[in-house]
Structure formats: C-alpha cells, structure tokens
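[1] The following block contains a protein sequence and its predicted model.
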Amino acid sequence: MSVTSDIAQGVSSHRLLEHRFDPSLPDQKWDAIVIGSGIGGLVTATQLAVKGARVLVLERYLIPGGSAGYFERQGYRFDVGASMIFGFGTKGTTNLLTRALQAVNVGLETIPDPVQIHYHLPNALDLKVHRDYEKFLQELTHQFPHEKLGIRRFYDECWKVFNCLNAMELLSLEEPRYLMRVFFQHPFACLGLVKYLPQNVGDIARRYISDPILLKFIDIECYCWSVVPADLTPMINAGMVFSDRHYGGINYPKGGVGRIAQKLVEGLEKFGGHIQYKARVTRILQENGRAVGVQLASGEVYQARRIISNATRWDTFEKLIPPDQMPAAERRWQKRYQKSPSFLSLHLGIKAEALPVGTECHHVLLENWEEMESPEGTIFVSIPTLLDPDLAPPGHHIIHTFTPSWIEDWQGLSPTEYRKHKEDAAVRLIGRLEQIFPGLSSSLDYQEVGTPRTHRRFLGRDDGTYGPIPARKLRGLLGMPFNRTAVPGLYCVGDSTFPGQGLNAVAFSGFACAHRVAVDLGYVK
C-alpha cells in the first residue's frame, strides 16, 4: 500500500492531454474569456462557440474538469469528485449533459445504474433508491407502512416540479424574450415553477409526512447533494433530483467522470474555441468599472468583450476583484449564503473479493442522525468499477469515500503532522466502511487521501468549499443569483449561481450563462 499523498500530484500521465494556446492567432480581443474549466465553464464556452463567438478558456491546472476531473495511479483511474451523475438521459429537456455534448457534435458512452443509492442508516434502516420509481416507493413503504399515502404524495409532488422543468428548454431566466416565449409555449409549467420557486423541501414534506424518522430520511435524501437538510433545500432542486433519477436515471460515463470535460474540450476546439492550461488568473481587469480582461500569474494579459468566472463567488469577488471593490449586491449575498464544508476524500484500490456479490455502486453510511451534518458524520461511497471495470487493474475495484470536512481542521500543521492527520483519518474511515464491507482493511492495494487543503490547492476553491449553502432558512431558490453580476461585462457560472450544486445543475447554469452572454454580444437575437 502506498504512502498517502495529495491527489493531484504526479500528473505526468496527463500531459498528453494538454492543448497549448495557439500563438498564431491574431492579437485582438476575445468575445468571451471563461475563467476555469469546470463543467459550468465548459458548457458556457461550448455553447458560445457553437453560436460563433471567439472563446478562450483559462484553466489553472493541467487538465479540464475541476471537481469533475480525474487522476491516475498505478493502473487506477480515480474520479476527483462524486461518480453519481445526472443529466445523461435520452429524453426530455433536463438531460443537460447529453445536450451539451450533442451541441458540439461529440458523444460519450454511458452505463446505466439500476440503483441511485444504497442507504445504511441508524437503527438498521437499510434501503435502496431504485431507478424504478414504483420499486423505490414499495421499499420505502415497507420500512414505513403507516406513511404509505404520505410517501407517495410527497414524491409525486416532486414529479410536479420536474414535469414543469422538463416541459421547456432551460435557458437564461434573465432574458425577457426567452421568458415571454416560454410562457406562451408552456404557461402552466411556468406558473407551476413560480409556485415552487420560493418553497423548501422540508415544508412540503411535513404536509404529508409526520413520522420523525421518515422526515430524517428526507433530510439525508437532500443532504446527499445539497449538503443541507430538507428545511434549507429548495424544492426546485429536489424536484429535479428526486425525479430525474427515475426518469433519465443515473448514468456513469465510460472511462470515468473526467471524460465529460475532455469531450467538451474536444467539442470546444472543433468549433474554434481555445483552452489554455497552466493559466492561473490572478486578477479581473476593469476600465471605468467594467470588466475588460484578465491578468495571469505569469503577467500575461488577455482582453475580452465579456468575462465569465467559473470560480466560486468568494474567489471571484475577494481575490480576482479586490475586496474593497466588492459590489453591495455581493455583500448582501454573502450574508444570505455561507461556504459549505469541503470534503475529506479517501481513494482506495482494493481486491475484488472484498465486495460481496450484489454490492451497489453508491452508498451512504450514517450511524447517528445527530451527526449527519458534523465533520466526518455522513460517509458517501462510490465504487465506479462496478459499472466500468476498466478503471482498475484486473481483479480490483475502486472505492472512493468522501465525508464533510472543514479546512480549519487541517490548518497550522507541519508536513509530518499533516501526513499523520491524513493517515489517522483514513484508519477511521476504513474502520467505519468495514460495517458495509467486512475485512476491507486486509484487501487494500492502494490508498490516497485528499483533504480540504488539496481541494483548495488544485481546484482553486476558497477553503476547498463544495459551494454555497444557506446561512439561514431562505425562500427556496429566490436568493440564488443568476449569471450577470453588478460589475458590467462580468458574469458568474457554476455552483455559486442558480440553480446550485451538482453536475447537471452547473450545466443548467452554463446553458443559461451562454444564452445571456450571447444575447448581450448580439449572437442571439
């Protein structure tokens, strides 16, 4: 077993993927510069390139994808972030990853997962969220037979939200002509969304459900992707997640999650866009209060008609723009939202015999309801090699375990203390995983630990945060900002904008941002 180390070191295997900026291009302004190649930034860039805009993506790292990237070690290909992927369906309008790839004429093989999550919860509450909706309701009702009617009413209400979203093309809610067109095409769907926009999941769940343990289950159903309980989770987001897992399903990209970003870059370049790696933006340049360009750590300056930040809003408005220039709107936003925790990630290569027959790909482990939001309280597990065995050497599997962790717990340590802190955390997590996979510790072939410091360093996310979460109970999604900012010429995209976290959500943000920018540039009438 190898000594643990930060997950993004030793990237020599990735160098063949690096596309250098073309120095022969005319030295003139770009239409748009995108800071960061996360999925939100790449969807924005590809959508603009398809419309004819000259687009440059600047990525600080060696490969694209951000939290949806990957790294390789000793024959294993590990996903940096979660392996549970929405957005690859084949019907409707909410299959945003499928649509993003199709727009730039690239394809990606995916593998369907029959179960979204296998929950291992307190007091032996053990159940699976099956792709088959009725099968899931039957299993949940078996655990809570006295709540049979309430269970169906709650999850059917989520379908109402999803059906409203799935009836219309999802573009910029800041663009009046689009809103008018959609309203006239789908008036009832629009009115339905307006109804749910200010509502949170917890309030709706309590209309139908009274069992406190079942309500705790709804909490962790939300926490899995929103990192907050049901009372703080917008109903719009839940309607998408709780329904699309049965409609479009969970589908894993063949070759790993990193293939999504690679394919989007391929499509970007097909349509004349460019991406430059090892290009860390340190400053957004302004003239007369308007964003007009960026400066790199190397001192290079690029100018563009529009600047789009795929960084977090904390990085954008406290680092790329000096804090004393922060618009009042951003200060108000920071009072409503706070940084979510980061994650402690444990990447394991194991012998295949360690997994019992019938093991599912995704698991959530929680032993005590009161610890759900605590550091290392809830454990998330992905085993992508159950869907794509080629990600590991023959006879082996990958287990990616991650759990909430705050950067404060990893600060002020010497290198020796930091290494010991990681090793101790790995022992704790493996010990808990043995509740699901007995004897796991004796089957280890490879081990690597990533911490909030790792995420901050290599993903460029302030404190390694997963994204914004409400600082207090808010009215649904009404507090989330759209793509335009108070700085003319500057837009934000990604999980710090409407509708929030998750690959399909940031893809939505990318479609919306590209539409708004394209209208502002005159590429869409």
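    On my side now, so go ahead.

[2] buried stuff in stretch 201-212?
    By neighbour count on 16 or more other C-beta atoms under 10 Å, the buried set for stretch 201-212 is 201-202, 204-205, 208-209. C-beta coordinates here come from the backbone N, C-alpha and C atoms, glycine included.

[3] Just give me the closest of those residues to residue 275.
    residue 201 (37.4 Å; C-beta to C-beta).

[4] can you give me phi and psi for the closest one?
    Here the main-chain torsion angles of residue 201 (degrees, to the nearest 10) amount to phi -60, psi -40.

[5] ok, it to residue 219 distance?
    Distance, residue 201 to residue 219, using C-beta to C-beta, to the nearest Å: 9 Å.

[6] overlap in contacts of those two?
    Shared contacts of residue 201 and residue 219, defined by C-beta atoms under 8 Å, 6 or more residues apart in numbering, comprise residue 230.

[7] returning to what we had before: just the ones of the buried residues of stretch 201-212 in helices?
    Judged by DSSP state H, helices contain the following of the buried residues of stretch 201-212: 201-202, 204-205, 208.

[8] any chance of those residues in CSV, plus pLDDT and distance to residue 242?
    Formatted as CSV, those follow (pLDDT from 0 to 100; distance: C-beta to C-beta, whole Å):
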residue, pLDDT, distance to residue 242
201, 94, 9
202, 95, 14
204, 95, 11
205, 97, 11
208, 97, 14
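
[9] As CSV, the residues you listed with distance to residue 387 would be great.
    CSV is the format used below for those (distance: C-beta to C-beta, whole Å):
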residue, distance to residue 387
201, 28
202, 32
204, 33
205, 31
208, 34
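
[10] ok, so of those, who is nearest residue 147?
    Nearest member of these to residue 147, counting by C-beta to C-beta, is residue 208, at 8.2 Å.

[11] May I ask you to confirm that the closest one is in contact with residue 155?
    No. Using C-beta atoms under 8 Å, residue 208 makes no contact with residue 155, being 9.3 Å away.

[12] shared neighbours of the two, which are they?
    In contact with both residue 208 and residue 155: no residue, using C-beta under 8 Å, 6+ apart.

[13] For residue 420, give me the pLDDT.
    Residue 420 is assigned 95 on the pLDDT scale.

[14] Okay, residue 473 and residue 493: tell me how far apart.
    Residue 473 is 26 Å from residue 493, by C-beta to C-beta.

[15] who's more crowded, those two?
    Neighbour totals were compared for residue 473 and residue 493, and residue 493 leads with 31 against 11 (other C-beta atoms under 10 Å).

[16] residues in contact with that one?
    Counted by C-beta under 8 Å, 6+ apart, residue 493 has contacts 34, 40-41, 44, 308-310, 483, 506, 509-510, 513.

[17] Repeat the analysis, applying 6 Å as the threshold.
    Residues counted as contacts of residue 493 (C-beta atoms under 6 Å, 6 or more residues apart in numbering) are 40-41, 44, 308, 310, 483, 509-510, 513.

[18] Could you do residue 521 as well?
    residue 31.

[19] I'd like the distance from residue 68 to residue 78, if you could.
    Taken as C-beta to C-beta, the span from residue 68 to residue 78 is 12 Å.

[20] now residue 466: how far from residue 295?
    For residue 466, the distance to residue 295 - C-beta to C-beta - is 28 Å.

[21] Neighbour count for those two, which is higher?
    Neighbours per residue (other C-beta under 10 Å) separate residue 466 from residue 295, with residue 466 holding more: 25 against 15.

[22] ok, and the closest non-adjacent residue to that one?
    residue 340 (4.4 Å; C-beta to C-beta, 6 or more residues apart in numbering).

[23] pLDDT value on that neighbour, please?
    pLDDT at residue 340 comes out at 86.

[24] Just read off the phi/psi values of it.
    According to degrees, to the nearest 10, residue 340 has phi -70, psi 170.

[25] So what's the residue count around it?
    Using other C-beta under 10 Å: residue 340 sits among 21 other residues.

[26] Please give me every residue in contact with it.
    Contacts of residue 340 (C-beta under 6 Å, 6+ apart): 227, 465-467, 469.

[27] nearest to residue 397, of these?
    residue 466 (25.3 Å).

[28] What's the end-to-end length of stretch 400-412?
    Length of stretch 400-412, first residue to last, C-alpha to C-alpha, to the nearest Å: 27 Å.

[29] Buried residues, that stretch. List them.
    400-407, 409-410.

[30] what's the offset of that stretch from the middle of its chain?
    18 Å (C-alpha atoms, centre = their mean, to the nearest Å).

[31] So which residues make contact with it?
    By C-beta under 6 Å, 6+ apart, stretch 400-412 touches 341-347, 375-376, 379-382, 429, 451-453, 463-464.

[32] Over to stretch 160-169?
    92-94, 182, 186, 189, 192-193, 196, 239-240, 243.

[33] And it, end to end?
    OK, stretch 160-169 end separation, C-alpha to C-alpha: 17 Å.

[34] buried ones in that stretch?
    Neighbour-count burial for stretch 160-169 [16+ other C-beta under 10 Å]: 160-168.

[35] Columns distance to residue 299, pLDDT and secondary structure on top of these, output as TSV?
    Shown next, in TSV, are those (distance: C-beta to C-beta, whole Å; pLDDT from 0 to 100; DSSP: H, G, I helix; E, B strand; the rest coil):
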residue	distance to residue 299	pLDDT	secondary structure
160	54	90	helix
161	48	88	helix
162	48	89	helix
163	52	87	helix
164	49	83	helix
165	45	81	helix
166	48	81	coil
167	50	75	coil
168	46	69	coil
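
[36] mind giving me a markdown table with those and columns for distance to residue 497?
    Converted to a markdown table, the buried residues of stretch 160-169 look like this (distance: C-beta to C-beta, whole Å):
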| residue | distance to residue 497 |
| --- | --- |
| 160 | 25 |
| 161 | 19 |
| 162 | 21 |
| 163 | 24 |
| 164 | 20 |
| 165 | 17 |
| 166 | 21 |
| 167 | 23 |
| 168 | 19 |
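
[37] Among those, which one lies nearest to residue 282?
    residue 165 (37.8 Å).

[38] Distance check, that closest one against residue 517.
    22 Å.

[39] Kindly report the same for residue 480.
    From residue 480 to residue 517 the distance is 19 Å (C-beta to C-beta).

[40] Check residue 489 too.
    Counting by C-beta to C-beta, the gap from residue 489 to residue 517 is 10 Å.

[41] so what sits against both of the two?
    residue 306.

[42] neighbour count winner among these two?
    residue 517 (30 against 21).

[43] what sits against the more buried one?
    residue 306.

[44] Surely it is in a helix?
    Yes. Looking at residue 517 with DSSP: H, G, I helix; E, B strand; the rest coil, it is inside a helix.

[45] Report the buried members of the contacts of stretch 160-169.
    92, 94, 182, 186, 189, 192-193, 196, 239-240, 243.

[46] Make JSON lines out of those residues and add distance to residue 267, pLDDT and secondary structure.
    Formatted as JSON lines, the buried ones among the contacts of stretch 160-169 follow (distance: C-beta to C-beta, whole Å; pLDDT from 0 to 100; three-state DSSP):
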{"residue": "92", "distance to residue 267": "22", "pLDDT": "81", "secondary structure": "coil"}
{"residue": "94", "distance to residue 267": "20", "pLDDT": "85", "secondary structure": "coil"}
{"residue": "182", "distance to residue 267": "26", "pLDDT": "65", "secondary structure": "helix"}
{"residue": "186", "distance to residue 267": "29", "pLDDT": "66", "secondary structure": "coil"}
{"residue": "189", "distance to residue 267": "29", "pLDDT": "70", "secondary structure": "helix"}
{"residue": "192", "distance to residue 267": "33", "pLDDT": "72", "secondary structure": "helix"}
{"residue": "193", "distance to residue 267": "30", "pLDDT": "76", "secondary structure": "helix"}
{"residue": "196", "distance to residue 267": "33", "pLDDT": "83", "secondary structure": "helix"}
{"residue": "239", "distance to residue 267": "29", "pLDDT": "90", "secondary structure": "helix"}
{"residue": "240", "distance to residue 267": "24", "pLDDT": "90", "secondary structure": "helix"}
{"residue": "243", "distance to residue 267": "28", "pLDDT": "94", "secondary structure": "helix"}
